[in-house]
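> Next comes the sequence, and after it the predicted model I'd like to discuss.
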Amino acid sequence: MNNSRFALNAPEKEELSARLRSRMLPAEDVRRARLILMLADGSSYTVIQEALGCNRSYISQWKQRFEQDGLAGLYSRHKGSQPSKKAMKLEVKILARVQQKPADGSTHWSVRKLAREVGTNPMRVSRVLRRARLKPHRIERYIASNDPEFETKAADIIGLYMNPPQHAAVLCVDEKTAIQALDRLDPVLPLSPGRAERHGFEYYRHGTLSLYAALNAETGEVLGKTAERHTSEEFVAFLSQIVSHQPQDREIHIIADNLSAHKTKRVEAFLTEHHNVTMHYTPTYSSWLNQVELWFNKVERDVIARGVFTSIPDLSRKLMRYIRESNKRPKPIKWSYSDVHRRVRVSPEIDGTRH
């Protein structure tokens, strides 16, 4: 049998070598890559048989395919068997049944319970659900706005994101209330190879704190303030802080939710005194339109959730330090509204929702 060498060009050799090193490819693909590389190195059929545990016809077949089609010839050409009518009926039965409630009073199907119901094995049920992208064990929650002016208010806020007034500041403002200063009674065991960081189960509460934040929609910078109490007076004091950090008489647009503390007479008096400040309220149950909510989620993950705080001042200090460090490398949030035509009538001035 002819086992003469054949030449590989540089891209082919690089690709085959990458396949040989891969830990993700199927073992058979790696085996074929090794076969071709050994043939290119001049290895005999006998040596290849011993190294790969194959027969001579296997070597000849893949050598011929590579010589004819190059790298494309190394892919398997077996199309697989066609699903039987019985298998298709079973798949339809699985998909229909999983979208109904179980008769035993439980709220959803497990793979094993559904397999018993339709008379098959759990692996088949799992494959069918995975192909159909059905996850009966998962649940997502939603809340729909009942605001009759939803479209008008949403379009107003989206317009500020997409096409803000020239030289104006657009700030997303809100407060994260009742942040607990939790101190662990047992020491934190640090991260180590093969073991996650561990926190003691017991903790001590030192009290709570509120964090006020104003996110600049254009730059991503955040102005923050902590307060022990969450009142309208504190909110107005924060608005004054916002104004003091902007150039005099600069037009300021503030996006806020419908919290009662944001609509008091004290707030109205502040807006009367500062004609350059305009409040834009999100529709009811639509605080997701406020970008600062995304920033609060980040603070929760980065600082609060796993933080250990020995006192209220310690919690405040760590929050403000995080804000200062984040402002050294600010990033605007790449916010988008997936389908404006679903709930929002877009005005001619707005051509999209991404900014």
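On my side now, so go ahead.

> helices or strands next to the host helix or strand of residue 280 in the packing?
If you go by DSSP states H and E, residue 280 is part of strand 277-281. For strand 277-281, the packing partners by 3 or more CB pairs under 8 Å, 6 or more residues apart in numbering; DSSP states H and E come out as helix 150-162, strand 252-256, helix 265-273. Every residue, glycine included, has its C-beta placed from N, CA and C.

> Sheet partners, orientation included, of it?
Partner strands and pairing direction for strand 277-281 (DSSP bridges) are strand 252-256 (parallel).

> what angle separates the partner strand from helix 265-273?
Angle, strand 252-256 to helix 265-273, by axes from the mean of the first three to the mean of the last three CA atoms, to 10 degrees: 160 degrees.

> now the angle from strand 252-256 to helix 150-162?
130 degrees.

> ok, back up a step: looking at the helices and strands packed on strand 277-281, which is closest to residue 59?
Of all the helices and strands packed on strand 277-281, helix 150-162 sits nearest to residue 59, with 62.4 Å by CB to CB.

> need the helices and strands packed on strand 277-281 in JSON lines with mean pLDDT and distance to residue 85, can you?
Formatted as JSON lines, those follow (pLDDT from 0 to 100; distance: least, CB to CB, whole Å):
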{"stretch": "helix 150-162", "mean pLDDT": "89", "distance to residue 85": "49"}
{"stretch": "strand 252-256", "mean pLDDT": "95", "distance to residue 85": "58"}
{"stretch": "helix 265-273", "mean pLDDT": "93", "distance to residue 85": "69"}
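
> Go through these and pick out the most buried.
For those, the largest average neighbour count (mean count of other CB atoms under 10 Å) is found in strand 252-256, namely a mean of 22.

> Not counting that one itself, show me its contacts.
157, 160, 164-165, 168-174, 214, 217, 239, 242-243, 246, 262, 276-282, 289-292 (CB atoms under 8 Å, 6 or more residues apart in numbering).

> which strand in the protein runs the most residues?
strand 169-184 (DSSP state E).

> Quickly run through the sheet partners of the following helix or strand past that one, with directions.
Along the chain past strand 169-184, the next helix or strand (assigned with DSSP H and E) turns out to be strand 203-216. Using DSSP bridges, the strands paired with strand 203-216 are strand 169-184 (antiparallel), strand 222-227 (antiparallel).

> buried residues in strand 203-216?
Residues of strand 203-216 classed as buried: 206, 209-216 (neighbour count, 16 or more other CB atoms under 10 Å).

> Could you give the number of residues near the residue lying closest to residue 221 once chain neighbours are set aside?
Nearest residue to residue 221, sequence neighbours excluded (CB to CB, 6 or more residues apart in numbering): residue 330, at 4.5 Å. Per other CB atoms under 10 Å, the neighbour tally for residue 330 reads 13.

> Also the one 4 residues further on?
Look at residue 334: counted by other CB under 10 Å, it has 9 neighbours.

> and if you look at residue 12?
For residue 12, using other CB under 10 Å, the count is 16.

> which phi and psi does it have?
Note on residue 12: backbone dihedrals following degrees, to the nearest 10 are phi -60, psi -40.

> Could you find the closest non-adjacent residue to it?
Distances taken as CB to CB, 6+ apart put residue 71 closest to residue 12, at 6.2 Å, once the chain neighbours are dropped.

> State whether the one you found is indeed within a strand.
No: under DSSP: H, G, I helix; E, B strand; the rest coil, residue 71 falls outside any strand and is assigned helix.

> I'd assumed residue 15 was in contact with it.
Yes: taking contacts as CB atoms under 8 Å, residue 71 lies within contact range of residue 15: 6.0 Å.

> Could you chop the protein up by domain?
10-74, 85-132, 150-343 (automatic domain parsing).

> Leaving out the residues flanking it, which one is nearest to residue 175?
residue 212 (4.8 Å).

> got a list of what residue 64 touches?
Counting by CB under 8 Å, 6+ apart, residue 64 has no contacts.

> do the same with residue 171
Applying CB under 8 Å, 6+ apart to residue 171 gives the contacts 214-217, 223, 242, 252-255.

> now the protein, which segments are flagged as low pLDDT?
1-5, 79-80, 336-355 (pLDDT under 70).

> Can you show me the helices along it?
Using DSSP state H, the helices found in the chain span residues 10-21, 27-40, 45-52, 56-69, 85-98, 111-118, 122-132, 150-162, 232-244, 265-273, 292-299, 312-326, 340-343.

> Could you pull out the buried residues of the fourth one?
By neighbour count on 16+ other CB under 10 Å, the buried set for helix 56-69 is 58-59, 62-63, 65-66.

> Any chance of those residues in JSON lines with distance to residue 33 as columns?
Shown next, in JSON lines, are these (distance: CB to CB, whole Å):
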{"residue": "58", "distance to residue 33": "14"}
{"residue": "59", "distance to residue 33": "14"}
{"residue": "62", "distance to residue 33": "10"}
{"residue": "63", "distance to residue 33": "13"}
{"residue": "65", "distance to residue 33": "13"}
{"residue": "66", "distance to residue 33": "10"}
